[in-house]
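[1] A structural model of the following input is requested.
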Amino acid sequence: MEKRIGTAPTLVYPESDGEPMAETGRHVRLLLDMIETIDWHFRDVPDVHVCGNMFLYYEEGNPRKVISPDVFMVRGVSKKDLRTYKTWEQQPYLDFVLELASPSTYTKDFNEKKTIYEKILRVKEYYIYDPYGEIHPYFVGFRLVGDAYEEITFVDGRLPSETLGLELGERAGVLRLYDPVKGTWFGPGREHAAEAETRASDAENRASDAENRASEEARARREAEAELEKLREALERLQSSE
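    Presented below is the predicted three-dimensional model:
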């Protein structure tokens, strides 16, 4: 009997587990907003990859060794789209991770994920934030010092990020990024557009006010000149009658 030689099965690293991107609409919006904002901040810096909600495999040959950070940033990786992140093909260590927590995930975020980020992926900074504020602490950050995480201290109500060069804080009750050097907040594109529209509207209003003031000043000047002309005519009549 002829012996058949089969091919070895191909090892598959799934791109999705079919689960929703995040628990609630607020989680989804914040996840997308933070990716967009951080990506925009590093738009002119080459080899800074910003992504999230992506399967990240950290042991070659073992698809079970997988984690999916909500938001992450890593230097040394191109900006091209990746379907999955494999640490043996890309940069093995991450710079920044943000997890958007909830009562159903905080135990995993503070234990299992924290251990993986600290001991395996060597994430320089790890932040946990609950958009609803239902867990305690609902907003916390850790920085890798040596081989272990140390909690980051709040400064003016914000957590400074050395990897981003920005600060994470709440603006109107929503997590946003703050530039302490420029003293400005960063938000997603729609907020930039809204702020630009507001500035344009304010400039238009100022221009309109200036135009109104100029028109009023011109009217007052014409009235003053007309009054002065009347006085001159009256004076001339008085002089001619003498």
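[2] so which strand or helix has the residue positioned nearest the centre of the chain?
    Geometric centre of the chain, nearest residue: Thr37, 3.1 Å, by C-alpha atoms, centre = their mean. Using DSSP states H and E, Thr37 falls within helix 25-41.
[3] check which helices and strands that helix is in contact with.
    strand 48-51, strand 71-75, strand 96-100, strand 174-179, strand 184-186 (3 or more C-beta pairs under 8 Å, 6 or more residues apart in numbering; DSSP states H and E). No exception for glycine: its C-beta is placed from N, CA and C like everyone else's.
[4] figure out which of the ones you listed is closest to Ser161.
    strand 96-100 (6.8 Å; C-beta to C-beta).
[5] what average pLDDT does that closest one get?
    Throughout strand 96-100, pLDDT has a mean value of 98.
[6] ok, and what's touching the helix or strand just after that strand?
    Downstream of strand 96-100, the next assigned helix or strand under DSSP H and E is helix 106-110. By C-beta atoms under 8 Å, 6 or more residues apart in numbering, the surrounding residues in contact with helix 106-110 are 99, 101, 128, 130, 135.
[7] how about helix 106-110: buried residues?
    106, 109-110 (16 or more other C-beta atoms under 10 Å).
[8] buried sites along stretch 88-105?
    90, 94-102, 105.
[9] which pLDDT value belongs to the closest residue to Tyr178 other than its chain neighbours?
    Distances taken as C-beta to C-beta, 6 or more residues apart in numbering place Glu167 nearest to Tyr178, at 4.4 Å, with adjacent residues excluded. We have a pLDDT of 98 for Glu167.
[10] Glu167 in helix, strand or coil?
    strand (DSSP: H, G, I helix; E, B strand; the rest coil).
[11] quick check: it touching Val181?
    No. At 10.3 Å, Glu167 does not count as touching Val181 under the criterion of C-beta atoms under 8 Å.
[12] so which of the two has more stuff around it?
    Glu167 (20 against 7; other C-beta atoms under 10 Å).
[13] ok, now how distant is that one from Asp179?
    8 Å (C-beta to C-beta, to the nearest Å).
[14] next one: Gly187
    Applying C-beta to C-beta to Gly187 and Asp179 gives a distance of 12 Å.
[15] show me the contacts for the residue lying closest to Phe186 once chain neighbours are set aside.
    Distances taken as C-beta to C-beta, 6+ apart put Leu177 closest to Phe186, at 4.1 Å, once the chain neighbours are dropped. Neighbouring residues of Leu177 by C-beta under 8 Å, 6+ apart: 34, 37-38, 41, 164, 166-169, 185-187.
[16] shaky segments in this protein?
    Applying pLDDT under 70 to the chain flags residues 1-9, 17-22, 190-211, 214, 231, 233-236, 238-239, 241-242.
[17] how about 80 then?
    Where the chain drops to pLDDT under 80, the residues are 1-10, 16-23, 189-221, 223-242.
[18] residues touching Val50, list them.
    For Val50, counting by C-beta under 8 Å, 6+ apart, the contacting residues are 35, 38-39, 42, 71-73.
[19] possible to save those residues as TSV with distance to Arg83?
    Formatted as TSV, the contacts of Val50 follow (distance: C-beta to C-beta, whole Å):
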residue	distance to Arg83
Ile35	16
Ile38	20
Asp39	17
Phe42	21
Val71	17
Phe72	15
Met73	18
